[in-house]
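**Student:** Got a sequence here, can you build the structure:
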Amino acid sequence: MQPTRSTGAFTRFAKWTSAASGKPGTFMLAAATVIAWAITGPVFGFDDTWQLVINTGTTIVTFLMVFLIQSTQNRDTKALQVKLDELIRVAKGAHVVLLDLEELEEHELDRICRQYEALARQAREALRHEGKDTGAPDVDIEQ
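**Tutor:** Residues are numbered from 1 along each chain as shown. Model (predicted):
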């Protein structure tokens, strides 16, 4: 699927927003907004409208940020998966069946995880007795 112009614009906006929201200046702006709102409380008599302003503003920002952060996280995760897949692909003796592992059904993924957990237990046991846990032991990944 080819990205559309609006998809590219959204991606750029999401990346920019994600980067900007994590900066100290953005936090300071948010904190200053809350302080200014609190200072104006006595001016407005701490009435319901005064409270509604901050509640509505923070709700809207939070609602929109959830989608922007999720978009950025999905993109980062996808890029990381491709990088990991490439490392598996080029590693001599690697199980290429592990490529695209995140697409497996839960029970299939659990089965493979149990095999690697058993391998880790064996390595810890070997380390306790022989003082070495390096190498590439065989793993039987059943289909």
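**Student:** Report the helix or strand with the lowest average pLDDT across this protein.
**Tutor:** Least confident helix or strand, the chain: helix 5-21 with a mean of 85, by mean pLDDT, DSSP states H and E.
**Student:** Moving C-terminal from the longest helix seen in the chain, which element do we reach first?
**Tutor:** Counting residues, the longest helix found in the chain (DSSP state H) is helix 48-90. Helices and strands here follow DSSP states H and E; after helix 48-90, the next one along the chain is helix 106-130.
**Student:** From residue 47, how far out is residue 35?
**Tutor:** Remark: distance between residue 35 and residue 47 (C-beta to C-beta, to the nearest Å) = 19 Å. All C-beta atoms are positioned from the backbone trio N, CA, C, and that covers glycine.
**Student:** just residue 5 next, same as before
**Tutor:** From residue 5 across to residue 47, the span is 46 Å (C-beta to C-beta).
**Student:** Nice, that's everything, thank you.
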